[in-house]
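Peer 1: need a structure here:
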Amino acid sequence: MYRSGIDLGGTKIELVTLNEKGEEVFRKRVPTPKDYRATLEAVAGLVHDSEKETGQVSSIGIGIPGVVSAVTGRVKNSNAVWLNGQPMDKDLGAMLSREVRIANDANCFAVSESVDGGGAGKTLVFGAILGTGCGAGIAINHKVHGGGNGIGGEWGHNPLPWMTADEFNSTRCFCGNADCIETFVSGTGFVRDFRAHGGEAASGIEIVALMGKGDPLAEAAFGRFIDRLARALAHVINLLDPDVIVLGGGVSNIDEIYEYLPALLPKYVLGGECGTKVVKNHHGASSGVRGAAWLWAPGEQAALPELSL
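Peer 2: As a prediction, the model looks like this:
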């Protein structure tokens, strides 16, 4: 069975089609219309283009910056606000004459990495995306664990664990709460902290480059950052004990994370030891769209319509 995954963001919609071996056979992106009906039509158009090119009808999975409410069956919490309140999976399913599966984009990342990425061969994968913001997803046996409220993996909007006195009530998050993990370990949070202590840089990678040159402000900022990341991930390990943690987003490209983090995790993990591997993603920016395709798990078959070109 061919699988098409769609990454629906605020500025672009991208579709990737995978063949039976998980190999990419088609890819295309278009700008995202700021209108619900036009967005559905854009997605349907990409599916038609894929099927025309490949000659194969595919299953459809979509990653969105939000979730479909288990209570209402409608999209909520999306920063592509025109999707909110809409029964998107049902509407697209009617347009495409097949079941459409929708999941949060961070959950798609976790699924992608669990199937054939950094978490391949593992049962329970926690995927954390550290970029402008901070999101996460959970994949169990290559399937999304969204939870009863559809918010499984919303790690970034919990308070930073084991806060020090100077950290407490020191940041505000867009979600309305104080001291969220996101405000400390996202790329934005790393840079904010560095600047608050007198440094100047545009990204975490720049801060680490300065650290490599012996900059004391950069060294101190990285020390605070890696300890905060260790606390945040140890909290996940204490609750979920995943087989592996896969990092994505721009911050995941900081190689020093994988060098320093393992020694810090046992300080916060219950029992004083930690064998949990924290690894870099394999598919980079393509992980989300590939994960949307893998919302139909390996070996699973969808009821698909006849090819119509």
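Peer 1: avg pLDDT for the helix or strand encompassing residue 193?
Peer 2: According to DSSP states H and E, residue 193 maps onto helix 187-196. The average of the pLDDT scores along helix 187-196 is 96.
Peer 1: quick one: buried residues of that helix?
Peer 2: Residues 187-191, 193-194 are the ones in helix 187-196 that count as buried (16 or more other C-beta atoms under 10 Å). (Glycine included, C-beta is placed from N, CA and C.)
Peer 1: what does stretch 111-123 give?
Peer 2: Neighbour counts over stretch 111-123 (16+ other C-beta under 10 Å) mark 111-119, 122 as buried.
Peer 1: most centrally placed residue in this structure?
Peer 2: residue 106 (2.4 Å; C-alpha atoms, centre = their mean).
Peer 1: quick check: that one touching residue 135?
Peer 2: Yes: using C-beta atoms under 8 Å, residue 106 is in contact with residue 135, at 3.8 Å.
Peer 1: anything in contact with each of those two?
Peer 2: Applying C-beta atoms under 8 Å, 6 or more residues apart in numbering, one finds that residue 106 and residue 135 are jointly contacted by 129, 153.
Peer 1: for burial, what's the neighbour tally of residue 186?
Peer 2: Residues near residue 186, counting by other C-beta atoms under 10 Å, number 24.
Peer 1: helix/strand/coil for residue 37?
Peer 2: Following DSSP: H, G, I helix; E, B strand; the rest coil, the label given to residue 37 is helix.
Peer 1: and the gap between it and residue 31?
Peer 2: 15 Å (C-beta to C-beta, to the nearest Å).
Peer 1: now do residue 290
Peer 2: With C-beta to C-beta as the criterion, residue 290 and residue 31 are 21 Å apart.
Peer 1: look at those two and report which has more neighbours.
Peer 2: With neighbours defined as other C-beta under 10 Å, residue 290 and residue 31 compare such that residue 290 has more, 27 against 9.
Peer 1: can you tell me the helix or strand for the residue lying closest to that one once chain neighbours are set aside?
Peer 2: Spatial nearest neighbour of residue 290, excluding adjacent residues (C-beta to C-beta, 6 or more residues apart in numbering): residue 112 at 4.4 Å. Residue 112 belongs to helix 105-116 when assigned by DSSP H and E.
Peer 1: helix or strand next in line after that helix, which one?
Peer 2: Per DSSP H and E, the helix or strand that comes after helix 105-116 is strand 124-130.
Peer 1: in the stretch 1-150 of the chain, where is pLDDT below threshold?
Peer 2: Applying pLDDT under 70 to the stretch 1-150 of the chain flags no residue at all.
Peer 1: can you give me the helices for it?
Peer 2: 36-54, 88-96, 105-116 (DSSP state H, counting those that start in this stretch).
Peer 1: same question for the stretch 201-309 of the chain.
Peer 2: Counting by DSSP H, counting those that start in this stretch, the helices of the stretch 201-309 of the chain are 204-212, 216-240, 256-268, 287-293.
Peer 1: residue 304 - how many residues pack around it?
Peer 2: By the criterion of other C-beta under 10 Å, residue 304 has 17 neighbours.
Peer 1: and if you look at residue 293?
Peer 2: 29.
Peer 1: and the closest residue to it other than its chain neighbours, what are its bridge partners?
Peer 2: The shortest distance from residue 293 to any non-neighbouring residue, by C-beta to C-beta, 6+ apart, is to residue 5 (3.0 Å). When assigned by DSSP bridges, residue 5 has beta-bridge partners residue 16, residue 61.
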